[in-house]
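In: using only what follows, build the 3D model:
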Amino acid sequence: MATNKPQIAVTFNLQKWADGPSHLDDGADKQLAPADNRDSVTFEVPWEDGTDEEGTVFPDESYEANQLQSHPTAPEWVQNWDGPYYVRTELVDDE
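Out: Below is the predicted model:
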């Protein structure tokens, strides 16, 4: 049976650990920053894979959204990324 539900766009945002600002503590703290070596990438997943039981799109940066890193439609390098990252989700506009 065909479904007319929209796809979910998943944007995978790479991060890296960087030194914190020197004015915080002694500057030894690490913080997350955008990764330099690659841009963010967006891929689409079916409605059923990007929503909860009530049909609500997984919230940005949630555990459920971040699990979409390993989705079969994700690029292979995304599935293999072992550094820090976060995921944003949104409905795909069919216009």
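In: shaky segments in this protein?
Out: Along the chain, the model assigns pLDDT under 70 to residues 1-3, 20-28, 94-95.
In: quick one, strands of this protein?
Out: Listed in chain order, the strands of the chain (DSSP state E) span 8-19, 30-34, 41-45, 85-91.
In: quick check: residue 74 touching residue 11?
Out: No. The pair residue 74 / residue 11 is not scored as a contact, 11.1 Å apart, by CB atoms under 8 Å. For every residue, glycine as well, the C-beta is placed using N, CA and C.
In: okay, the two: which has more neighbours?
Out: Comparing residue 74 with residue 11 by other CB atoms under 10 Å, the one with more neighbours is residue 74, at 20 against 16.
In: OK, contacts around that one?
Out: 10, 12, 43, 68 (CB atoms under 8 Å, 6 or more residues apart in numbering).
In: tell me which of these is nearest to residue 52?
Out: Closest approach between these and residue 52, by CB to CB: residue 68, at 12.8 Å.
In: circling back: buried ones among the contacts of residue 74?
Out: Neighbour counting with 16 or more other CB atoms under 10 Å marks 10, 12, 43, 68 as buried within these.
In: just the CA atoms of stretch 30-45, as CSV, please.
Out: Provided in CSV are the C-alpha atoms of stretch 30-45 (Å, rounded to 0.1, in the frame of the first residue of the first chain):
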residue,chain,number,x,y,z
LYS,A,30,37.5,21.3,25.7
GLN,A,31,34.3,22.3,23.8
LEU,A,32,32.7,21.2,20.6
ALA,A,33,33.1,23.1,17.4
PRO,A,34,32.2,22.5,13.8
ALA,A,35,34.6,20.1,12.1
ASP,A,36,36.9,21.7,9.5
ASN,A,37,37.4,18.8,7.2
ARG,A,38,33.8,18.2,5.9
ASP,A,39,30.6,20.1,5.5
SER,A,40,27.3,19.1,6.9
VAL,A,41,25.3,16.7,4.7
THR,A,42,21.6,16.1,4.4
PHE,A,43,19.9,12.9,3.4
GLU,A,44,16.3,11.7,3.5
VAL,A,45,14.7,8.9,5.4
